[in-house]
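Visitor: need a structure here:
(2 chains)
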Amino acid sequence: MFSSMGRWFNLKVVRFFYAAGFFLHVLYETLLFPRRKQVGVKVLVLQILFTGVEALGVVSFISLAIGAVIIIQGMNIFPQFGQSQLVYTILITVIVRELGPILTAFIITARSGTAIATELGGMVVSHQIEAYVSIGINPISYLVVPRVLGVTISLVTLTLYFSVAGIVGAYFVSQLFTPIGLLDYFQNLLKVLRPIDIFASLLKSLVFGTIISIVSTYQGFNVKVASTEVPQVVIKAVTQGFALCIFADIIIVLMLRSL
Amino acid sequence: MDELIRMEKIEILSEGFEIIKNMTLNFPRGMSTVIIGPSGCGKSTLLKAAAGILLPSRGSLFFEGKNFFKMSEEEIKEFRRKNGFVFQDSALWANRSLYQNLSLPLEFHYPDWSEEKRSSKIRILLDKTGLTSQSSLRPAQLSTGEGKIVSILRALVTDPSLLFLDEPTLSVDTANARIIYDMIRDLKNKGCTLITATHDPGLISWLADYLVALKTGELLAFGPFDEVTKSPNPEVRQILGSVLMEAASYDTDILGLLNQE
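Guide: Numbering: from 1, shown residues only, chains lettered A, B, ... in the order given. The predicted structure follows:
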């Protein structure tokens, strides 16, 4: 029993250091990306197109829906306590600072994280990764870095878009129940919007983007020999991506709680 | 013997199993070395280790006397440009057309080349093999034999002086196998160093200058073809028998070799 526990512990330690090494290697290659005269720029553009542009529809729908729900509930509840203005604070806190980054991260994990892990896993099985190595292309700088940059850039942009679409959506929905002037609405919002809210949103999306892309590429490369391993690594990419994003969210919230 | 690649005490582990056991080998320059052995004995692994694609758990790899593991990034890039690798399952990039599969190594190694220059180089290669009309197809749309041919072309597109071939004629139809034979024969005549893992007795019979015989990750024999085929080691005789006997039914040269004792 002790020997099997020892082996289990040993395996976990080895995997932890392997993952840490992968993370550091990706960071190093990311810093070198502008210097590399490689053909990875095309991969970066395609990744932004897939992760950012093609996700606009679903992000728009969810942000509009969340904005609408907040404004409908807020307009019903807060006036009862004489706190009508609180709806703007809630809009900023929920859409810009909290739900915007994490929901966008969940959408990107479900769409792009799974796609990246599946694609890379399939490439490992069919020896396409080894084929890159055989011609001298570093798979980390050619396959991983453009995906990390593409997902992170897309997530930051989509989070900003989520915030704007949610707030604008909330305005249009408010017109159906309690019409407010456009100028009043945005003036009230700007009164409660602080630079730290935007900073928190950007910081979270930056961290979440890095987590999602590194976890999904790492899991994709974790496939050894069989295509049956691909669904397993995809599940791990999603669950670990979600869990690490929530963990990072808690850390960032704690760090910025007094600001 | 002018050695091009030297492997010293190479050991490769996978999931705790020793795939290659403490192996020391020299691959001579300008010669054709063929690796033979039963299925699962580590031929492909040895080939990938010699090409620096699979990193060993222990041991050293030298290319033209330079330690591969101490090479700079630029030296490794040059090493890759000078050698090509043909994978057993072709390993063509599925999301790229046949043309793009051939273009990527050129884009990487010769970034200053114009699109016209790249295109002309690729057209010449495709014309030789009759695949020009299929250049826009994806690998999934090619037959196994055509995929193998494209895989060889991809390995040759940077004009390497060393080529690794992993089962180049496995599961290939006769017509495409003939094209592959001609391509390999042409390379051999030009003095290109060839290191091949194969079960194909026909190919071994005319290609091998040197033979490597493996059994469960261990080196049984290495040397000039004539020496290894005359080896008294019963295990080597068994491997030679299983591989070459098949050829003996239609190749009198091999039959002659097996009878020399």
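Visitor: From now on I want contacts and neighbour counts done on CA atoms only, so please keep to that.
Guide: OK.
Visitor: what residues does chain B put near chain A?
Guide: Selection of chain B residues close to chain A by Cα under 8 Å from any Cα of the partner chain yields B:51, B:53, B:76-77, B:80-81, B:84-85, B:87, B:89, B:91-93, B:105, B:107-108, B:111, B:155.
Visitor: Count the neighbours of residue 21 for me.
Guide: Chain wasn't specified; assuming chain A. The local packing of A:Gly21 (other Cα atoms under 10 Å in any protein chain shown) involves 12 other residues.
Visitor: meant chain B, my bad for not saying
Guide: Using other Cα under 10 Å, B:Lys21 has 18 neighbouring residues.
Visitor: Please, which helix or strand holds it?
Guide: strand B:17-28 (DSSP states H and E).
Visitor: Now do the helix or strand following that strand, average pLDDT.
Guide: Once strand B:17-28 ends, the next helix or strand along the chain (criterion: DSSP H and E) is strand B:32-36. The average pLDDT within strand B:32-36 is 95.
Visitor: Sheet partners, orientation included, of strand B:32-36?
Guide: Note on strand B:32-36: by DSSP bridges, its sheet partners are strand B:193-197 (parallel), strand B:210-215 (parallel).
Visitor: got the contact list for A:Ile77?
Guide: Going by Cα atoms under 8 Å, 6 or more residues apart in numbering or on different chains, A:Ile77 touches no other residue.
Visitor: Does it fall in a helix, a strand, or a coil region?
Guide: Local secondary structure at A:Ile77 is given as helix here, using DSSP: H, G, I helix; E, B strand; the rest coil.
Visitor: For the stretch 51-200 of chain A, which residues are neighbours of chain B?
Guide: A:Ser126, A:His127, A:Gln128, A:Glu130, A:Ala131, A:Val133, A:Ser134, A:Ile135, A:Gly136, A:Ile137.
Visitor: Identify the farthest-apart pair in those residues.
Guide: Maximum pairwise distance among those (Cα to Cα): 17.8 Å, between A:Ser126 and A:Gly136.
Visitor: Can you mark which positions in the lengthiest helix in chain A are buried?
Guide: Counting residues, the longest helix found in chain A (DSSP state H) is helix A:145-177. Buried residues in helix A:145-177, defined by neighbour count with 16 or more other Cα atoms under 10 Å in any protein chain shown: A:145-174.
Visitor: Kindly provide the whole-number mean pLDDT of that helix.
Guide: Average pLDDT, helix A:145-177: 91.
Visitor: counting contacts, what elements does it pack onto?
Guide: Using 3 or more Cα pairs under 8 Å, 6 or more residues apart in numbering or on different chains; DSSP states H and E, the elements in contact with helix A:145-177 are helix A:2-32, helix A:40-51, helix A:56-77, helix A:100-108, helix A:195-221.
Visitor: quick one: what helix or strand has the closest residue in space to B:Phe63 that isn't next to it in sequence in it?
Guide: Here the nearest residue to B:Phe63 in space, its sequence neighbours aside, is B:Ile5; by Cα to Cα, 6 or more residues apart in numbering or on different chains that works out to 4.7 Å. Taking DSSP H and E as the definition, one finds B:Ile5 inside strand B:3-14.
Visitor: what distance separates that strand from the centre of its chain?
Guide: Put simply, strand B:3-14 sits 16 Å off its chain's centre (Cα atoms, centre = their mean, to the nearest Å).
Visitor: next one: stretch B:64-82
Guide: Distance, centroid of stretch B:64-82 to centroid of chain: 19 Å (Cα atoms, centre = their mean).
Visitor: next one: stretch B:207-225
Guide: Relative to its chain's centre, stretch B:207-225 lies at 14 Å (Cα atoms, centre = their mean).
Visitor: Could you report the separation of the closest residue to chain A within the stretch 151-261 of chain B from A:Leu256?
Guide: Nearest residue of the stretch 151-261 of chain B to chain A (Cα to the nearest Cα) works out as B:Ala155 at 7.8 Å. Applying Cα to Cα, to the nearest Å, the value for B:Ala155 to A:Leu256 is 54 Å.
Visitor: Over to A:Val124?
Guide: For A:Val124, the distance to A:Leu256 equals 41 Å [Cα to Cα].
Visitor: now the strands for chain B?
Guide: B:3-14, B:17-28, B:32-36, B:58-63, B:66-67, B:83-86, B:162-166, B:193-197, B:210-215, B:218-224 (DSSP state E).
Visitor: Poorly predicted segments of the stretch 101-250 of chain B, please.
Guide: Along the stretch 101-250 of chain B, the parts satisfying pLDDT under 70 run over B:244-250.
Visitor: Apply 50 and report the result again.
Guide: B:247-250 (pLDDT under 50).
Visitor: Please list the residues outside stretch A:194-211 that contact it.
Guide: Stretch A:194-211 is contacted from outside by A:92-93, A:96-98, A:100-102, A:105, A:148-149, A:151-153, A:155-156, A:159-160, A:241, A:244-245, A:248-249, A:252, A:256, A:259, using Cα under 8 Å, 6+ apart.
Visitor: if you set the cut-off to 7 Å instead, what comes out?
Guide: A:96-97, A:101, A:105, A:148, A:151-152, A:155-156, A:159, A:241, A:245, A:249, A:259 (Cα atoms under 7 Å, 6 or more residues apart in numbering or on different chains).
Visitor: ok, B:Arg6 - how many residues close by?
Guide: 21.
Visitor: What of A:Asp197?
Guide: With other Cα under 10 Å as criterion, A:Asp197 counts 18.
Visitor: try the one 10 residues further on
Guide: Counted with other Cα under 10 Å, the neighbours of A:Val207 add up to 20.
Visitor: thinking again about what came up before, residue contacts, the residue of the stretch 151-261 of chain B closest to chain A?
Guide: With contacts defined as Cα under 7 Å, 6+ apart, the neighbours of B:Ala155 are B:Gly84, B:Phe85, B:Val86.
Visitor: distance of the residue lying closest to the first one once chain neighbours are set aside from B:Arg178?
Guide: For B:Gly84, ignoring the flanking residues on the chain, the nearest one in space by Cα to Cα, 6+ apart is B:Ala155 at 4.2 Å. In this structure, B:Ala155 lies at 18 Å from B:Arg178, with Cα to Cα as the measure.
Visitor: Pull the number of nearby residues for residue 10.
Guide: I'll assume chain A. A:Asn10 has 12 nearby residues by other Cα under 10 Å.
Visitor: that's the wrong chain, I meant chain B
Guide: Neighbours around B:Ile10, by other Cα under 10 Å: 21.
Visitor: Help me confirm that it comes into contact with B:Asn26.
Guide: No: judged on Cα atoms under 7 Å, B:Ile10 makes no contact with B:Asn26 at a distance of 11.8 Å.
Visitor: show me what contacts the spatially most central residue of chain A?
Guide: The residue lying closest to the centre of chain A (Cα atoms, centre = their mean) is A:Ala105, at 3.0 Å. Applying Cα under 7 Å, 6+ apart, we find A:Ala105 in contact with A:Leu155, A:Phe208.
Visitor: now B:Tyr181, nearest residue through space, not along the chain?
Guide: Spatially, and ignoring its direct neighbours in sequence, B:Tyr181 is nearest to B:Leu203 (7.5 Å; Cα to Cα, 6+ apart).
Visitor: Run through the residues that contact A:Phe17.
Guide: Contacts for A:Phe17 were tallied using Cα under 7 Å, 6+ apart; there are none.
Visitor: How much space separates it from chain B?
Guide: 17 Å (Cα to the nearest Cα, to the nearest Å).
Visitor: From A:Leu31, how far out is that residue?
Guide: Counting by Cα to Cα - A:Phe17 and A:Leu31 are separated by 21 Å.
Visitor: Thank you, goodbye.
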